[in-house]
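Asks: structure here, sequence nowhere to be found:
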Ligand SMILES: Nc1nc2c(ncn2[C@@H]2O[C@H](COP(=O)(O)OP(=O)(O)OP(=O)(O)O)[C@@H](O)[C@H]2O)c(=O)[nH]1
Ligand SMILES: [Mg+2]
């Protein structure tokens, strides 16, 4: 079974409302996949909108009302498939949204899992970064809402955080379109390094 038919099976199990035609043979072989995860209200969807173009599909997980958004965007000269997930507090699922996100994370192959956190409450959110890393997922941390943290006089040493976690870290203020180019650069570097 080739990669396209495998992914087709996964899709047909997960999505009943819309079959995504973007999984052509060429896409299977060339398109990188990025998924955005994190607790509710940290700015995942704003980042998703910044990264993706006009063509976005929304699908329900079968038998649930949980919506998964998929779009595409150019990062470092390559077209990525970008997936926005509902908010989750932990990889140990309690809510339906968490179950769906966990299933997605472990049933699709992602080139990069972007954990988005709120710069104002970063301490509370890093345990999920560790969970994602320990699960063997290719994690990058995006510390969003840097504008609000700065307004509160909070300073976050992103380089130190990156060294401590041993993953790439980038600061953004997605609502203000700040840090997005740097995020794209770091995503491209990370994915390139993993392939090499
Ligand atoms: N000040 C500021 N507000 C932001 C930033 N990013 C997002 N927001 C705001 O934060 C709120 C939540 O953003 P969303 O993108 O909906 O958050 P989400 O993570 O997708 O939330 P769920 O879908 O509920 O999990 C919105 O009102 C955004 O406008 C930012 O960088 N700075
Ligand atoms: Mg959202």
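Replies: Alright, I've got the coordinates. Remember, it's a predicted structure, so these values are computed and weren't measured experimentally. Ligands and ions are numbered 1, 2, ... in the order given.

Asks: against ligand 2, how distant is the residue sitting nearest the centre point of the chain?
Replies: Taking Cα atoms, centre = their mean, the centroid of the chain lies closest to residue 36, which sits 1.7 Å from it. Distance of residue 36 to ligand 2, given as Cβ to the ion, to the nearest Å: 8 Å. For every residue, glycine as well, the C-beta is placed using N, CA and C.

Asks: residues contacting that residue?
Replies: Contacts of residue 36 were listed using Cβ atoms under 8 Å, 6 or more residues apart in numbering, and they are 44, 47-48, 82-85, 114, 116.

Asks: change it to 6 Å
Replies: By Cβ atoms under 6 Å, 6 or more residues apart in numbering, residue 36 lies in contact with 44, 48, 84, 114, 116.

Asks: next one: residue 112
Replies: Counted by Cβ under 6 Å, 6+ apart, residue 112 has contacts 34, 138, 140, 187, 190-191.

Asks: list the buried residues for the longest strand seen in the chain?
Replies: In terms of residue count, the longest strand belonging to the chain (DSSP state E) is strand 67-75. Using 16 or more other Cβ atoms under 10 Å as the test for burial, strand 67-75 gives 68-73, 75.

Asks: again with stretch 110-122
Replies: Applying 16+ other Cβ under 10 Å to stretch 110-122 flags 110-120, 122 as buried.
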